[in-house]
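Peer 1: give the three-dimensional model of this entry:
(one chain, ligands or ions: 1)
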Amino acid sequence: MTIDFNGRRALIRVDFNVPLDKDGKILDDTRMRKALPTIRSIIDQGGSAVLMSHLGRPQKKKNEDGSINRKKFSLRQIVQHLSSLLETDVQFVDDCVGEKALEKSTNLKAGEVLLLENTRFYPEEAKGDDDFAARLSKHGDTYVNDAFGTAHRAHASTTTVAKFFKRKDRTLGLLLENEIQNADKILNSPNRPCTAILGGAKVSDKIQLIEKLIDFVNFILIGGGMSYTFIKAKGGQIGNSLCEEDYLDLALELLEKAKAQNVEILLPEDTVSATSFSNDSYSGIVDTDRIQDGEMGLDIGPKAIAKYDAIIQDSKTIIWNGPVGVFEFENFAKGSLAIADSIAKATKKGAFSLVGGGDSVSAINQSGKADEVSFISTGGGAMLEYLEGKKLPGIAAIFNED
Ligand code: AMP
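Peer 2: Modelled structure (predicted):
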């Protein structure tokens, strides 16, 4: 952050979209803690901080009468915790634009922190509306985007607002800079072998990522629900496992493309089979291409775990996106926990490892190995799009010419 913040108000877009329980208790404050270095740095330089964020999807989950649920989606619920993390009394205003909010931000003194109410209470936010962004911009003399999790969205507070600040008055925050630097370690001449482990539910979500990965990795280890579309495409019998029939041809094309570029795509040799989609439905370990009708694969099996481990241990750069099984069910979490373990071991031996995507981050947290990988990304979709080589609007908006 090269801006002089002394005596100035920084309008900071943070990602405080934290999971809350029905009583408003914060279930995981990772995103809040990751935003602290930028806020602290600005305050330490003699600036003040006006924080804006979204929380949940208030426009999609309205009250029965069509109004916004201002209680459930209010950022007021996190003020106390933020105050304790920052060790200062954070002020709050129950709007993100308008006179009341502007009066608060205008009167902010050096060292003070103000949190604005959920930007998504206004439909203009997601539309990237110009007038709304202009109103938001009034809260700051400088603009800092530190919300990597929403950097792939061209929303008013993440993208449009930037143009109301001169190039010299806008910057990426420390978290966002760190995310990019770590992703670039993978994109720009990674140490080899470079291995990607891809899981999750669907092939359709990851096609562009797989295509891009084929250009620069040596191994792609496939797991999770998407394995079965590949296995079926190759003529295997997958029973009732998750399958995207429309993507069978594309799955074969991806396998061909990888072969042509000397990239090995591995599919799990064996599978933990279940009689239904539930924790208590364990049926046995079977070859992934011989799953009986009426059964479904919910995790990778022991042979696949061993094979993937061997490749991971030999790797110098590792990316993990998506659990390799239904890790939310204890009986089908073994594969994902084993992958977390393998990555932690390889990291200890000197590999660089990046874990990104909400569910793989949950899986690594569950395994207790979160501190043993090189970098955990706060952005699911944003990290995917960055690795796919797409330009993220929230980042581009900072660097546009005036
Ligand atoms: P994604 O958001 O695409 O990374 O998908 C994550 C979800 O994929 C998790 O909720 C997992 O439970 C789910 N998943 C992983 N493996 C399987 C599987 N074999 N069958 C169905 N769902 C799966």
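
Peer 1: pull out the buried residues from stretch 11-28.
Peer 2: L11, I12, R13, V14, D15, F16, N17, V18, L20, I26 (16 or more other Cβ atoms under 10 Å). To be clear about C-beta, it is placed using only N, CA and C from the backbone, and glycine gets the same treatment.

Peer 1: ok, now stretch 51-69?
Peer 2: Buried-residue list, stretch 51-69, by 16+ other Cβ under 10 Å: L51, M52, S53, H54, L55, G56, P58, I68.

Peer 1: kindly report the same for stretch 133-152.
Peer 2: Across stretch 133-152, burial judged by 16+ other Cβ under 10 Å covers 133, 135-137, 139-152.

Peer 1: residues in contact with the residue of the stretch 51-200 of the chain found nearest the ligand?
Peer 2: Across the stretch 51-200 of the chain, the shortest distance to the ligand (Cβ to the nearest ligand atom) belongs to G200, at 2.6 Å. Contact analysis of G200 by Cβ atoms under 8 Å, 6 or more residues apart in numbering lists K206, G224, G225, M226, N321, G322, P323, G357, D359.

Peer 1: how long is stretch 41-48 from one end to the other?
Peer 2: Length of stretch 41-48, first residue to last, Cα to Cα, to the nearest Å: 10 Å.

Peer 1: just give me how far that stretch sits from the chain centre.
Peer 2: 28 Å (Cα atoms, centre = their mean, to the nearest Å).

Peer 1: ok, and what's touching it?
Peer 2: Contacts for stretch 41-48 (Cβ under 8 Å, 6+ apart): 1, 4-10, 12, 49, 88, 108-114, 142, 144, 174.

Peer 1: filter those down to the buried ones.
Peer 2: 1, 5, 8-10, 12, 49, 88, 108, 112-114, 142, 144, 174.

Peer 1: with respect to F164, which of the residues you listed is nearest?
Peer 2: Compare each of the buried ones among the contacts of stretch 41-48 with F164 using Cβ to Cβ and the shortest gap goes to T142, at 11.2 Å.

Peer 1: my read: the closest one touches R8, true?
Peer 2: Yes - using Cβ atoms under 8 Å, T142 makes contact with R8 at a distance of 5.7 Å.

Peer 1: local confidence estimate at D402?
Peer 2: D402 is assigned 69 on the pLDDT scale.

Peer 1: give me phi/psi at R170?
Peer 2: phi -130, psi 150 (degrees, to the nearest 10).

Peer 1: swap that for T229, please
Peer 2: phi -70, psi -40.

Peer 1: tell me the residues on the stretch 151-300 of the chain that lie near the ligand, please.
Peer 2: G199, G200, A201, K202, D205, G224, G225, L242, G297, L298 (Cβ under 6 Å from any ligand atom).

Peer 1: who's in contact with the fifth one?
Peer 2: Contact analysis of D205 by Cβ under 8 Å, 6+ apart lists nothing.

Peer 1: then L174?
Peer 2: M1, P37, T38, S41, D146.

Peer 1: give me the pLDDT for it.
Peer 2: 97.

Peer 1: and K138, by the same measure?
Peer 2: Looking at K138, its pLDDT is 98.

Peer 1: now do stretch 124-133: distance from first to last residue.
Peer 2: End-to-end distance (Cα to Cα), stretch 124-133: 8 Å.

Peer 1: how about stretch 125-138?
Peer 2: OK, stretch 125-138 end separation, Cα to Cα: 15 Å.

Peer 1: circling back to that earlier point, among the contacts of stretch 41-48, which are located in helices?
Peer 2: L174 (DSSP state H).

Peer 1: and the contacts of stretch 41-48, which of them are in strands?
Peer 2: Among the contacts of stretch 41-48, the members found in strands (DSSP state E) are R9, A10, I12, A49, V113, L114, T142, V144.

Peer 1: next, format those residues as JSON lines and append pLDDT and distance to the ligand.
Peer 2: Below are the ones in strands among the contacts of stretch 41-48 laid out as JSON lines (pLDDT from 0 to 100; distance: Cβ to the nearest ligand atom, whole Å):
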{"residue": "R9", "pLDDT": "98", "distance to the ligand": "38"}
{"residue": "A10", "pLDDT": "98", "distance to the ligand": "33"}
{"residue": "I12", "pLDDT": "98", "distance to the ligand": "28"}
{"residue": "A49", "pLDDT": "98", "distance to the ligand": "33"}
{"residue": "V113", "pLDDT": "98", "distance to the ligand": "33"}
{"residue": "L114", "pLDDT": "98", "distance to the ligand": "34"}
{"residue": "T142", "pLDDT": "98", "distance to the ligand": "35"}
{"residue": "V144", "pLDDT": "98", "distance to the ligand": "29"}
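
Peer 1: minimum pLDDT in the contacts of G200, which residue is that?
Peer 2: G357 (75).

Peer 1: list the contacts of it.
Peer 2: Counting by Cβ under 8 Å, 6+ apart, G357 has contacts G200, N321, G322, S377, G380, M383, L384.

Peer 1: of those residues, which belong to strands?
Peer 2: Using DSSP E, the members of the contacts of G357 that fall in strands are N321.

Peer 1: buried residues in the host helix or strand of E125?
Peer 2: Assigned by DSSP states H and E, E125 falls within helix 124-127. With burial defined by 16+ other Cβ under 10 Å, the residues of helix 124-127 counted as buried are E124, E125, A126.

Peer 1: that's all I had, so thanks and see you.
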